[in-house]
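> next input, structure requested:
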Amino acid sequence: MAPHSPMLLTRAKSRQSFLLALLVSLLIGAFTSKAQGKLNGIVLVIADGTSLELITAARAYSLGAEGRLALEGFPQTAFVRTYSGSDIVTDSGAAATSMARGIKADNRVIGMANPGAPSSPPSILDLAKAANWSTGVITDDSVTGATPAAFLVEHPNRDQHEFIALKITDQVTTRWDIVLGGGAKWFFDRVKDPTVIYKAGERNIVQQTEEKLTDLPVAIFQNWADFQNYTEDGDSARPILGVFYADTFPYFADGTRTLRLKDMVERAVTLLQARGRPFFLMVEASLPDKAAHLNQAKRAIIEVLELDATIEWLRKNLSANTLLLATTDHNNGGFSFNGPPAPLWLRGESLLGTHPLLGTSYFTWASGPGSDRKAATTRTRIIARPGQQMYSVQEVIEETDPDYAQPALLPFGSSLHTAGDVWLVGDGPGSEKVRGFLDNTEIFDLMAEAIKESQN
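Coordinates of the predicted model:
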């Protein structure tokens, strides 16, 4: 763990005191205010690992260089710095903690400043609850992943998914009303599922979580169709836990998935609005980051377009009195949309290939598995025929195949995050503060202040 200076520790203590005072004032306001203020909701969208360069590539791929994504239609924009409490280059847990709690956190930690922190500041979910709002968290990752977990719990190790799931269960009603995503294997014993493997000790914790859930007034769904058909009675509605994949969602580009991030958001917003109170909702699009770690540009681009479809739905369907923010937690892999010059009409699958004269790729990465060009362009396929022994064959991966990894410079099994500033866009009441150069902790401050002002 990186050492912390006395100045940083003093600043952290002052911020925690401010946040606790803010939480108390919200609790008082919830009991004394007879009516909600102008703001009727906040939606924060986090596009994990989605750099500006990747957004440019998604625009060109889908619409051409002169097109415009829904994401590009926000009236307010800012740049955001992302360093963590321990490193110049952040990870998802530390970055999400900054947005969820308003503090700098060490990498690998979620919801708290560092593994030894004696206490943690309230989550933005706590502030919303104190103001008598409903709360929700949605992701296409496991709901125990670093980004959603930083809003939901406090834990010193982001990799201990079984303990994070148990803590999420402990926070039902007190911190969250709706949680949707993947990660069923961390809440329900899936040992009979051949795709699920538990490490030593994990299954015992999962069984504790499953047993605890049976005693809670929670509506639980592992099947999307069942959740679509679910109805509830307004303010008396139960909390909802929906975990629709054993772990992370598959990539949309692979063609094996029909459930979209947009579907979950649309369903959750409808349910939250029906409860008759303002609501806070965090939405994570996790898969651009996962594809970027593999240097797979097609998968990353398609996931950015899925994110954009979600943004488009939100902008069309949220009321004018909802604060909508969208950002990323960090850049990933040093993704680059390169020269040599390409014609303006070039779009779609053509961008996944190489320049016809120079033979260089339009998309490259600074680090990651794409540095091994043999592995990036071939794969092993197992062939099994009845009555014959299984055997393997090597086949070429086409540039338009989702498995294809574009070239990378530095050889790593997974690409590295980068330290560059990221983007933030906003619309709705309070979004006028989205301007200039901000720190990622100021995203929390902006949302916390909006909740507080709604009580006046």
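
> how far does stretch 144-154 sit from the chain's center?
The chain centroid and the centroid of stretch 144-154 are separated by 10 Å under C-alpha atoms, centre = their mean, to the nearest Å.

> and for stretch 427-443?
19 Å.

> contacts for it next, please.
With contact meaning C-beta atoms under 8 Å, 6 or more residues apart in numbering, stretch 427-443 is reached by 15, 38-39, 44, 74-82, 95, 98-99, 102-104, 315, 318, 320-325, 327, 329, 421, 424-426, 446-447, 449-450, 453. All C-beta spots, glycine's among them, are computed from the backbone N, C-alpha and C.

> which of the residues you listed are buried?
15, 39, 44, 74, 76, 78, 80-82, 95, 98-99, 102-104, 315, 318, 322-325, 327, 329, 424-426, 446-447, 450 (16 or more other C-beta atoms under 10 Å).

> take the contacts of stretch 427-443 and keep only those in strands.
Of those, the ones assigned to strands by DSSP state E are 44, 76-81, 322-325, 327, 424-426.

> for the stretch 351-456 of the chain, which segments count as strands?
Assigned by DSSP state E, counting those that start in this stretch, the stretch 351-456 of the chain shows strands spanning 363-368, 378-383, 391-396, 408-411, 417-418, 422-427, 437-439.

> spatially central, which residue of the chain would that be?
residue 284 (2.7 Å; C-alpha atoms, centre = their mean).

> my guess is that one meets residue 136, correct?
No: shown here, residue 284 and residue 136 do not form a contact pair, counting by C-beta atoms under 8 Å, at 11.7 Å.

> after the lengthiest strand in the chain comes which helix or strand?
Assignment by DSSP E gives strand 134-142 as the longest strand of the chain. Using DSSP states H and E, the helix or strand that directly follows strand 134-142 along the chain is helix 146-152.

> elements contacting that following helix?
helix 92-101, helix 124-130, strand 134-142, helix 161-170, strand 178-182, strand 279-285 (3 or more C-beta pairs under 8 Å, 6 or more residues apart in numbering; DSSP states H and E).

> for the first one, buried residues please.
Looking back up the chat, that one is helix 92-101. Buried residues in helix 92-101, counted by 16+ other C-beta under 10 Å: 92, 93, 94, 95, 96, 97, 98, 99, 100, 101.

> for residue 55, see how far away the last one is.
Which is residue 101. Separation of residue 101 from residue 55 (C-beta to C-beta, to the nearest Å): 27 Å.

> how about the fourth one?
With distances taken as C-beta to C-beta, residue 95 is found 18 Å from residue 55.

> ok, back up a step: which residue comes closest to the residue nearest to the centre of the chain once chain neighbours are left out?
Spatial nearest neighbour of residue 284, chain neighbours left out: residue 139 (4.0 Å); criterion: C-beta to C-beta, 6 or more residues apart in numbering.

> next, count neighbours for the one you found.
Other residues lying near residue 139 total 29 when counted by other C-beta atoms under 10 Å.
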